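In: Sequence and predicted structure below; questions after.
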Amino acid sequence: MEIEQNANRVIQVKAGVVGPREPRLKTIKIKKLSDYPEVPRVYLEVAKNYSSPFLVGPPISDEFIALIRYMFTEEEASIVRHIKPLSRKTAAMIAASAHRPIEEIIPILSRLADQLHILLTTGEGDEKHYLIMPIVPGTFEAVMTKPSTDTFTDWHRRFAELFEALYETGFLIDYLKHPTPGVRYLPVKKSIESHPMAWPSDKLEEILDHYNYFAVGTCSCRMVEKMAGKWCGRTLENCTWFGEYAEVLVRSGLMRRVEKKDVLEIKAEAEANGMVSWMNNVDSKVGTNVSCSCCGCCCKMLRTVNEFNMPGMIAPPHFLPKINLSKCSSCAKCAKACPMAAITVDTKSKILKRQMERCIGCGLCAVACDEQHAVSMEPTAKHNKLPSNYTSLFLRLTPNYLRNTLSGWKTRWWA
């Protein structure tokens, strides 16, 4: 696999200093629905639903309206507008609200849910319910995850371009002021392979031992970057699910089934190419879990930290790098390998600085320091116990989720 020489776009080399680029600024220009008199009303109603802060929704803006108009035809928007945020409706309920025969409604809902994967469904038959998801995380991942890269169409390409334009406005900044650590990053295998303080929850192979069904699909983040013309060249098919929900994803056509050994090979290749794997921030023995391998230049979650300088959704790491300055030659390999731009090295003045608030404990810096061995991974003095299940995780995240929701509302009020 050929990776672009400047694949790590969050790093810059300037006058002998290797370190982070300047933070990206929020550029979104908030507007009102009344600023779009030429847009059919059904689209504006759908946009209003998706913009809810309870869905981490973007404010009304040119980029957001463009994406909504692309996601739905006018007829589809006339149906979807009846699905409100945090609610779920059956086809019969939607048909009644739209004053349309249910026979006309079902094919439209099926296309959006089963073909484009824009809508989320629960239940079966007459009890099948339809929900709208947040644009991100939610709709973006569902639309851009496929069993393989050859299943994408021109429709997906345009979706990717419009989504990336919206993401780069920085609208998520308003929802990331208080950390909501829903995921955690695992140290790369080589960095803690023989460390006596490593827990089973730090080691992917031991985590996978709790599952017997595995699925893999495309990384939605890198697929978007590829279609938007900014791909770093790293592997595209390494988003993996384990357990019960993996079976659902395979049946729905979003992923393909693989074996445990395949997952380990996929993750080993990802680590060899400078990527790091995350998982939901719960105990590894729960019924299902997910892991994608990320690069700092494409991953939307990592970019909220390394580009927009926000705390994001990442849990504090169990391991952090310890640097022995007496062994350090200021070669800057560690800084160039870091996906978070957490290390700055002045190769001329021989000065090394770290921004530990950015560090996710991945260990790529330790692996990169292959000659001097000046970097080692050491456990943190205090590390919170993982939530035992998703209910515990939800309860832990709820206070800051509500604070961030309020932050989103305030931004609209003051615009």
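Out: Nice, thanks for sending it over. Residues are numbered from 1 along each chain as shown.
In: other SSEs contacting the helix or strand containing residue 161?
Out: Assigned by DSSP states H and E, residue 161 falls within helix 154-167. Helix 154-167 makes packing contacts with helix 62-71, helix 140-144, helix 220-227 when contacts are defined by 3 or more Cβ pairs under 8 Å, 6 or more residues apart in numbering; DSSP states H and E. C-beta here means a position set from N, CA and C on the backbone, and glycine is covered the same way.
In: what mean pLDDT does the very next helix or strand once past that helix have?
Out: With elements assigned by DSSP H and E, the helix or strand that comes after helix 154-167 is strand 183-185. Mean per-residue pLDDT for strand 183-185: 94.
In: Ok, stretch 68-78 next?
Out: On average, stretch 68-78 scores 98.
In: Kindly report the same for stretch 110-128.
Out: Averaging pLDDT along stretch 110-128 yields 94.
In: what does stretch 11-23 give?
Out: Confidence over stretch 11-23 (mean pLDDT, whole number) is 90.
In: tell me the domain boundaries of this protein?
Out: 11-25+174-399, 27-133 (automatic domain parsing).
In: would residue 353 count as being in a strand?
Out: Yes: per DSSP: H, G, I helix; E, B strand; the rest coil, residue 353 lies within a strand segment.
In: ranking the helices and strands packed on helix 154-167 by burial, who's on top?
Out: Across the helices and strands packed on helix 154-167, averaging neighbours per residue (mean count of other Cβ atoms under 10 Å) puts helix 220-227 on top, at a mean of 24.
In: Not counting its neighbours along the chain, what's nearest residue 190?
Out: Leaving out its chain neighbours, the residue that sits closest to residue 190 by Cβ to Cβ, 6 or more residues apart in numbering is residue 367, at 5.1 Å.
In: Where does pLDDT dip in the stretch 101-250 of the chain?
Out: Within the stretch 101-250 of the chain, the set of residues satisfying pLDDT under 70 is empty.
In: Residues touching the longest helix anywhere in the chain, excluding its own?
Out: Determined from DSSP state H, the single longest helix within the chain is helix 390-414. The contact list for helix 390-414 (Cβ atoms under 8 Å, 6 or more residues apart in numbering) reads 30, 53-54, 56-57, 59, 174-182, 280-282, 286, 387.
In: Next: stretch 123-132.
Out: 49-50, 55, 80, 83, 85, 87-92, 94, 109, 113, 119-122, 139.
In: Tell me which of those residues fall in strands.
Out: 89, 90, 119, 120, 121, 122 (DSSP state E).
In: any idea which of the residues you listed has the most stuff around it?
Out: Using other Cβ atoms under 10 Å as the neighbour criterion, residue 119 leads these with 22 neighbours.
In: That one - nearest residue in space that isn't next to it in sequence?
Out: Closest to residue 119 by Cβ to Cβ, 6+ apart is residue 113, at 4.2 Å.
In: Could you count how many residues lie near that neighbour?
Out: Look at residue 113: counted by other Cβ under 10 Å, it has 18 neighbours.
In: Next, the contact list for it, please.
Out: Here residue 113 is in contact with 119, 120, 121, 130 (Cβ under 8 Å, 6+ apart).
In: Dig out what the first one forms beta bridges with.
Out: The residues listed as beta-bridge partners of residue 119 by DSSP bridges are residue 132.
In: For residue 344, grab phi and psi.
Out: Backbone dihedrals for residue 344, given as degrees, to the nearest 10, come out at phi -120, psi 130.
In: Look at it and report its pLDDT.
Out: Per-residue pLDDT puts residue 344 at 96.
In: What of residue 1?
Out: Looking at residue 1, its pLDDT stands at 39.
In: same thing with residue 32?
Out: For residue 32, the predicted pLDDT is 95.
In: thinking again about what came up before, relative to residue 374, which of the ones in strands among the contacts of stretch 123-132 is nearest.
Out: When those are compared for distance to residue 374 (Cβ to Cβ), residue 120 comes out closest, at 47.8 Å.
In: any idea how far that closest one is from residue 348?
Out: Applying Cβ to Cβ, to the nearest Å, the value for residue 120 to residue 348 is 53 Å.
In: rewinding a little: buried subset of the contacts of helix 390-414, written for ChimeraX?
Out: The buried residues among the contacts of helix 390-414 can be selected in ChimeraX (16 or more other Cβ atoms under 10 Å) with this line:
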select :30,53,56,57,59,174,175,176,178,179,180,181,182,280,281,282,286,387
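In: what are the ranges of the strands in the stretch 151-300 of the chain?
Out: 183-185, 214-217, 239-243, 256-258, 276-280, 288-291, 293-294 (DSSP state E, counting those that start in this stretch).
In: pull the CA atoms of stretch 164-178 into PDB?
Out: Only the C-alpha atoms of stretch 164-178 are listed here, as PDB (Å, rounded to 0.1, in the frame of the first residue of the first chain):
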ATOM      1  CA  GLU A 164     -17.100  17.200   4.500                       C
ATOM      2  CA  ALA A 165     -18.000  20.800   3.700                       C
ATOM      3  CA  LEU A 166     -20.400  20.800   6.600                       C
ATOM      4  CA  TYR A 167     -17.900  19.100   9.000                       C
ATOM      5  CA  GLU A 168     -15.200  21.600   8.200                       C
ATOM      6  CA  THR A 169     -17.400  24.500   9.300                       C
ATOM      7  CA  GLY A 170     -16.600  23.400  12.900                       C
ATOM      8  CA  PHE A 171     -20.200  23.300  14.000                       C
ATOM      9  CA  LEU A 172     -19.400  20.400  16.300                       C
ATOM     10  CA  ILE A 173     -17.300  22.800  18.500                       C
ATOM     11  CA  ASP A 174     -20.500  23.900  20.200                       C
ATOM     12  CA  TYR A 175     -21.200  20.300  21.400                       C
ATOM     13  CA  LEU A 176     -17.700  19.400  22.600                       C
ATOM     14  CA  LYS A 177     -17.100  21.900  25.300                       C
ATOM     15  CA  HIS A 178     -17.600  19.300  28.000                       C
END
